[in-house]
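Q: quick one, structure for this:
(chains A and B)
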Amino acid sequence: MLHDLPIKWILIIGYLLALLFQKGRPKKIGRGFLWTTFLLHTLILGLLWYTLRRPPVSNMGETLLYVPWTTVLFGLLFAKKLKYAVPLAALVPLIFLPDPLTFSPLPPVLHAPYWLVVHVLMIVGSYGLFFLTALLSHFYLLRKNPSPSLEKTLMQTLYLGTALLIVGTLLGGMWAQVSWGRFWDWDPKESWAFISIGFYLILIHAYRFKHISGRGVASGSLIGLILISFTWYGVNYILGTGLHSYGFGSGGIFLYLLYILGEIGFLTFANKNYKKSLIEKKGGK
Amino acid sequence: MNLLIHLFIFLGTIHFAIFLIASTLLFVAAGTFLEAWSQSHLFASRWTYHNPLFSALLWGYLINISFSAIRRYPFKKKQLPFLTTHFGLIMILGGVLIKNQFGMQGVLSVTEGETRDSLLLPHTYALLVQNREETSCFPLNHLPPAFKIVEWIPHSEERLEGWIKGEWGMVIGLPPLPVHAYQDPLPLSLRTEEYDIIALKTDRIEEAKQKAYRGRPLLLILQETNGHEHLIAFDKEKKTLPESLYAVDQGFGGYLLKAHFADQELLTPLTFFSYPLPPHAKQEELKPRIKLLIHEKEEIALTYHPRGEGLKWPMLEGHTLVRFQPMEKKIPFKISYPHSEQEGDLLIDGQPISLRVNHVYEKNRYQFSLSHFSVQEGIKRVDLIVNYDPAKYLLTYPGICLLIIGILSFLIRRRYAP
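A: A predicted model of the protein is given here:
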């Protein structure tokens, strides 16, 4: 299968080269690498879909291939508005593709191709988009004077991700009605999807009503990604309870905690830096 | 009046909305951790999602969204995405609240050849009372005045008692038989002209069988520590006879065990006792015990039967049968499970339907989905989840459509800045 083949490493090298050639003159080469790798990535997903006769998104191993693809896809879509959306998006495959890719037979409860496509592709697609939002947020928080276009793109990805997550979750409820006989029952996976949606809605509303600035949204979207990652990974690998048991697994908790600590550290650092720059500005005046 | 206006304004504010969302998120997150810790969805639900505070939050949403919309009246065209999404949300919330109040979700178990028209509501507690005129199911908090609950124990087990009841062996027409512990030689409990009886409490079943015979017809009654009983008979040639044993349901008279031995029919009433157990960690698996006082004179301790399948026990000198079980609700359909090779082939009011995973059947807002299929001792049995949601097509699904349309119109408008 795929995890035994060098093809995954071709993707990794492709995205790495795309990233390395982003600065300086050979920029076109970087773009070429990115497009070629992305097309190869698309081809692999397409072939898997064709071979498995279903979208390859039924377990953690499969989504590790799909989520980075969506991040790059949206990175390319937003590239016109924000040139560094693409290199940032190319980072995500480098994080996830080295993880072992696993494929398993589809459990009977997931034997509903229509629902699998509309519900899972949307939800997991939104994860990819939220990764892009979080990367843009890191970028935003590191800058002293982030451009309005960065803030706009940040909000666009946030809106689109939230929209996908809401619609995907509601459609998941309709699938649950057909499959489990009820629309919603606060299963941990449902609950964490709800928590993520709720959190992003707080961010959107607080921003729309001018209670937080772009910086607040950027900081919030990093916390949002922690919630999303818990919905994606934590429910199945840490909580390990509920009706979505076909996705349960183990391992990676240490790395996950490290990621959360890293993110908290980054937020503290960015916040301190921002305050310092504000004091400097005031002193300058 | 001023205060009312301020309250109206506050209830429609973004601050109240954020407070509601944040509180709900905390509740929900706590619920998932509680569930992981207790491995019990029911436990988590009772503390969070089914907590009255949580319902209050849902009502809070309804108020907040409605008031925030009313505050914007007269509406402008640019407010269309806001109105669509929020009206969709109101409809979904309304649907949820109506489902909670008037909806129903239960399990209907039907065995091959059987027809049923009622379902059990899981994790509810009720008393099934059957007399010669009618059968009724009463929730424990609405029992008839003659019934009083005098004791509640969270977890228990019910044990049937056949030939050995407590420290005595009981056979109708014979004096009480002393029950011994295993010893060598095995002590007799009774000697008649035709046969001997040995009644023992032991787990050494095979050894007792080997040592019991002493040249005369013998009835060996054994009870293991887990309560299982064995009835073994020997004729003159020490040959183990096939047990001729059966139970008889005498309706309001209770149950009898019958055994043919040495040309005689031995009888004993089938009785039971319920004994407390330490509470199990998982709430879904708890079987509480209630002690009922009926007409201030008769007491009975009953263990909960979550599938509503235990024996109904006679009370009030055989005028009434009772069973402690989940609440039973009638549905306006008759579900039959005819003989079929396929596990989900059923008849609903005589009309053949086929239920599969991800393939449900719906009639008059009642939805039937396949939950579980089992075969026990050759008898096929299907569990169906029956869901009745009166607001699904009126509010919930149209609300979802409106919400999706509203979200799309937000995206199309592309106004991201405050």
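Q: C-alpha from now on. contacts and neighbour counts both.
A: OK.
Q: helix or strand with the lowest mean pLDDT in the chain?
A: Went with chain A since none was named. Across the helices and strands of chain A, mean pLDDT, DSSP states H and E gives its lowest value to helix A:85-96, namely a mean of 76.
Q: can you look at chain B instead?
A: strand B:240-241 (a mean of 68).
Q: following element in sequence after that strand, please.
A: strand B:245-249 (DSSP states H and E).
Q: ok, the helix or strand that that following strand is followed by: who's next to it in the sheet?
A: Counting by DSSP H and E, the next helix or strand C-terminal to strand B:245-249 is strand B:255-261. Listed by DSSP bridges, the sheet partners of strand B:255-261 and their directions read strand B:245-249 (antiparallel), strand B:264-276 (antiparallel).
Q: break down the chain into its helices, ranges please.
A: Here I'm looking at chain A. Secondary structure of chain A (DSSP state H): helices at A:7-20, A:27-52, A:60-77, A:85-96, A:113-115, A:121-142, A:148-179, A:188-208, A:214-229, A:253-284.
Q: not what I meant, chain B
A: Per DSSP H, chain B carries helices over the ranges B:2-11, B:14-38, B:41-47, B:52-71, B:80-102, B:205-212, B:397-413.
Q: reformat the ones you listed as JSON lines; add distance to residue B:174, mean neighbour count and mean pLDDT.
A: Output for the helices of chain B, formatted as JSON lines (distance: least, C-alpha to C-alpha, whole Å; neighbours: other C-alpha atoms under 10 Å in any protein chain shown; pLDDT from 0 to 100):
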{"stretch": "helix B:2-11", "distance to residue B:174": "78", "mean neighbour count": "12", "mean pLDDT": "87"}
{"stretch": "helix B:14-38", "distance to residue B:174": "51", "mean neighbour count": "19", "mean pLDDT": "94"}
{"stretch": "helix B:41-47", "distance to residue B:174": "50", "mean neighbour count": "18", "mean pLDDT": "90"}
{"stretch": "helix B:52-71", "distance to residue B:174": "59", "mean neighbour count": "17", "mean pLDDT": "92"}
{"stretch": "helix B:80-102", "distance to residue B:174": "57", "mean neighbour count": "19", "mean pLDDT": "91"}
{"stretch": "helix B:205-212", "distance to residue B:174": "20", "mean neighbour count": "14", "mean pLDDT": "87"}
{"stretch": "helix B:397-413", "distance to residue B:174": "69", "mean neighbour count": "19", "mean pLDDT": "90"}
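Q: so which of those comes closest to residue A:137?
A: Checking those against residue A:137 by C-alpha to C-alpha gives helix B:397-413 as the closest, at 20.4 Å.
Q: returning to that earlier point: among the helices of chain A, where is the model least confident on average?
A: Lowest mean pLDDT within the helices of chain A: helix A:85-96, at a mean of 76.
Q: list the buried residues of that helix.
A: Residues A:85-94, A:96 are the ones in helix A:85-96 that count as buried (16 or more other C-alpha atoms under 10 Å in any protein chain shown).
Q: let me have those residues in JSON lines, extended by distance to chain B.
A: Converted to JSON lines, those look like this (distance: C-alpha to the nearest C-alpha, whole Å):
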{"residue": "A:85", "distance to chain B": "18"}
{"residue": "A:86", "distance to chain B": "21"}
{"residue": "A:87", "distance to chain B": "24"}
{"residue": "A:88", "distance to chain B": "22"}
{"residue": "A:89", "distance to chain B": "21"}
{"residue": "A:90", "distance to chain B": "25"}
{"residue": "A:91", "distance to chain B": "26"}
{"residue": "A:92", "distance to chain B": "25"}
{"residue": "A:93", "distance to chain B": "27"}
{"residue": "A:94", "distance to chain B": "30"}
{"residue": "A:96", "distance to chain B": "26"}
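Q: farthest pair in the residues you listed?
A: A:85 and A:96 (17.9 Å).
Q: hmm, back to that, what's the spacing between the least confident helix or strand of chain A and its chain's center?
A: Distance of helix A:85-96 from the chain centroid (C-alpha atoms, centre = their mean, to the nearest Å) equals 10 Å.
Q: show me what it packs onto, helices and strands only.
A: In this structure, helix A:85-96 packs against helix A:7-20, helix A:60-77, helix A:121-142, with contacts taken as 3 or more C-alpha pairs under 8 Å, 6 or more residues apart in numbering or on different chains; DSSP states H and E.
Q: and the longest one with helix A:188-208, angle?
A: This means helix A:121-142. Interaxial angle of helix A:121-142 relative to helix A:188-208 (axes from the mean of the first three to the mean of the last three C-alpha atoms, to 10 degrees): 40 degrees.
Q: what lies in contact with helix A:121-142?
A: Identification of contacts with helix A:121-142 by C-alpha atoms under 8 Å, 6 or more residues apart in numbering or on different chains yields A:55, A:57, A:63, A:66-71, A:74-75, A:85, A:88-89, A:92, A:146, A:150-151, A:154, A:157-158, A:160-162, A:164-165, A:167-169, A:215, A:218-219, A:221-222, A:225, A:228, A:270.
Q: can you rerun that using 6 Å?
A: For helix A:121-142, contacts defined as C-alpha atoms under 6 Å, 6 or more residues apart in numbering or on different chains pick out A:67, A:70-71, A:89, A:146, A:154, A:157, A:161, A:164-165, A:168, A:218, A:221-222, A:270.
Q: what does stretch B:381-394 give?
A: Applying C-alpha under 6 Å, 6+ apart, the contact partners of stretch B:381-394 are B:95, B:99, B:103-111, B:365-374.
Q: quick one: buried residues of it?
A: B:381-392.
Q: what does stretch B:294-309 give?
A: For stretch B:294-309, by 16+ other C-alpha under 10 Å, it's B:294, B:299-306, B:308.
Q: how about the residues of chain A near chain B?
A: A:178-179, A:181, A:188, A:195, A:208, A:239, A:241 (C-alpha under 6 Å from any C-alpha of the partner chain).
Q: TSV for the residues you listed, including neighbour count?
A: Below are the residues of chain A next to chain B laid out as TSV (neighbours: other C-alpha atoms under 10 Å in any protein chain shown):
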residue	neighbour count
A:178	21
A:179	22
A:181	24
A:188	27
A:195	24
A:208	16
A:239	20
A:241	23
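Q: low-confidence ranges, the stretch 301-418 of chain B, go.
A: Applying pLDDT under 70 to the stretch 301-418 of chain B flags the ranges B:414-418.
Q: still on that earlier bit, which of the strands paired with strand B:255-261 sits most buried?
A: strand B:264-276 (a mean of 17; mean count of other C-alpha atoms under 10 Å in any protein chain shown).
Q: could I get it in PDB with only the CA atoms?
A: The C-alpha trace of strand B:264-276 is given here as PDB (Å, rounded to 0.1, in the frame of the first residue of the first chain):
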ATOM      1  CA  GLN B 264     -44.000 -39.500  40.300                       C
ATOM      2  CA  GLU B 265     -44.400 -35.900  39.400                       C
ATOM      3  CA  LEU B 266     -42.400 -33.600  41.700                       C
ATOM      4  CA  LEU B 267     -43.400 -30.000  41.900                       C
ATOM      5  CA  THR B 268     -42.000 -26.800  43.400                       C
ATOM      6  CA  PRO B 269     -43.000 -23.200  42.900                       C
ATOM      7  CA  LEU B 270     -40.500 -21.000  41.100                       C
ATOM      8  CA  THR B 271     -39.700 -18.100  43.300                       C
ATOM      9  CA  PHE B 272     -37.100 -15.300  43.200                       C
ATOM     10  CA  PHE B 273     -35.100 -13.000  45.400                       C
ATOM     11  CA  SER B 274     -33.400  -9.800  44.600                       C
ATOM     12  CA  TYR B 275     -30.100  -9.000  46.200                       C
ATOM     13  CA  PRO B 276     -28.100  -5.800  46.300                       C
END
